[in-house]
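S.K.: quick one, what's the 3D model for this:
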Amino acid sequence: MDKQDGLPSLEESVGAAIRELRQRHGLTIAQVSEQAGISRGMLSKIETGHTSAGVETLARIARALGVSMSMLFSKYDASASTAQHIKRGMGMEVVRRGTRSGHTYHLLAYDQGPTKLFEPFLITMDDDSQRYPTFQHPGTEFLYMLEGELEYRCGNETYLLEPGDSLSFQGDVPHGPERLARCPIKFLSVIVYPRTAE
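M.R.: Purely as a prediction, here's the structure:
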């Protein structure tokens, strides 16, 4: 299929999806081609969009990757559905360990793929009556202070965060709010999870 309006062809889109899924799962071309019963050269050509694959071949590749066949077409003509627009106040309220009255966590985007890549939260706190839990998780966390003042502990250090301040750190370091210095407090927390080795 030829490109139209500069958009990738179906073959290129399917190939890109296969390559991304394979790398996300940490699989080599040799491993997937063996599981799918096709040659490495053929799989390489499919991934680069230089050849088209029949339905049966695509079904075998999907099985080898452990995904549904529809996942292979996820990148084709997806321009209308690749962005997520969350209107103000419409983020999904979630309960995390340590969530209590006066503290709200709104999840601002939802991963659509099989592997969680990131989680952005808008966190609001207006009650300093209880001690806060310590968090640890894989990946990297980025905080951006929007309103109020917050003492935030990361490892053995404590940081005073004021509007416009940011803090980033490895998630496996024990961290969490230490003291709400000036309420109400509002900040963004974005957790970026590690990708599987490619």
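
S.K.: which residues in the protein form helices?
M.R.: 10-24, 29-36, 40-47, 55-65 (DSSP state H).

S.K.: break the protein into its domains for me.
M.R.: 10-73, 92-192 (automatic domain parsing).

S.K.: which of the ones you listed sits most buried?
M.R.: Among those, ranked by average contacts under mean count of other Cβ atoms under 10 Å, first place goes to domain 10-73 (a mean of 17). Every residue, glycine included, has its C-beta placed from N, CA and C.

S.K.: grab the most central residue of this structure for me.
M.R.: For the chain, L117 is the residue whose C-alpha lies nearest the centre (Cα atoms, centre = their mean; 2.1 Å).

S.K.: which stretches in this protein count as strands?
M.R.: 92-94, 103-107, 118-125, 140-154, 157-161, 166-170, 175-192 (DSSP state E).

S.K.: give the bridge partners for T124, please.
M.R.: T104, K186 (DSSP bridges).

S.K.: show me what contacts it?
M.R.: H103, T104, H106, P184, I185, K186 (Cβ atoms under 8 Å, 6 or more residues apart in numbering).

S.K.: and if we set it to 10 Å?
M.R.: Listed by Cβ atoms under 10 Å, 6 or more residues apart in numbering, the contact set of T124 reads 102-106, 146-148, 183-187.

S.K.: how about S44?
M.R.: G15, R19, I29, S33, H50, T51.

S.K.: which single one of these is nearest to Y193?
M.R.: The closest of the contacts of S44 to Y193 turns out to be R19 (Cβ to Cβ; 20.1 Å).

S.K.: does that closest one really touch T28, like I thought?
M.R.: No: using Cβ atoms under 10 Å, R19 is not in contact with T28; the gap is 11.5 Å.

S.K.: how near is the closest residue to A181 other than its chain neighbours to I185?
M.R.: Distances taken as Cβ to Cβ, 6 or more residues apart in numbering place E149 nearest to A181, at 3.8 Å, with adjacent residues excluded. Taking Cβ to Cβ, to the nearest Å as the measure, E149 falls 7 Å from I185.
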